[in-house]
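Enquirer: Sequence first, then the predicted structure, then my questions.
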Amino acid sequence: MGKISKKLQKRSSLKKIKFKFVGGFDIKEKELEVEEGTRYSEVLSSLGINPETVVLVKDNIPIPTDDFVEEGEVVVMRVISGG
């Protein structure tokens, strides 16, 4: 029974996120489960995305990439600049 309760404890500390990618990404969507206390910047880096090159939007509100992950859907928009 110890193993089951440990698995349940670990599972409850996971956050489910659905990323939607906009603006020239190779992928359109990605669903992930990440540990509670993980920052969006860490998740982006693990996906090979430089957090400084994107804007994150959740519930139509921009969120900082250094915020802690919360469950739900996040739009990842590539920032394009030029001169």
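Expert: Nice, I can see it. Residues are numbered from 1 along each chain as shown.

Enquirer: Next one: residue 73 from residue 52, what distance?
Expert: 22 Å (C-beta to C-beta, to the nearest Å). Using the backbone N, CA and C atoms, a C-beta is placed for each residue, glycine as well.

Enquirer: between the two, who's got more neighbours?
Expert: For residue 73 versus residue 52, the count of surrounding residues by other C-beta atoms under 10 Å is larger for residue 73: 14 against 9.

Enquirer: Let me know whether the more buried one touches residue 56 as I believe.
Expert: No: taking C-beta atoms under 8 Å as the definition, residue 73 is not a contact partner of residue 56, at 10.9 Å.

Enquirer: What sits closest to residue 80 if chain neighbours are left out?
Expert: Leaving out its chain neighbours, the residue that sits closest to residue 80 by C-beta to C-beta, 6 or more residues apart in numbering is residue 23, at 6.8 Å.

Enquirer: where along the chain do the helices fall?
Expert: Remark: helices assigned in the chain by DSSP state H are 2-12, 40-46.

Enquirer: worst average pLDDT in those helices?
Expert: Ranked by mean pLDDT, these end with helix 2-12 at the bottom, a mean of 52.

Enquirer: Against residue 60, how distant is residue 39?
Expert: To residue 60, residue 39 is 21 Å away according to C-beta to C-beta.
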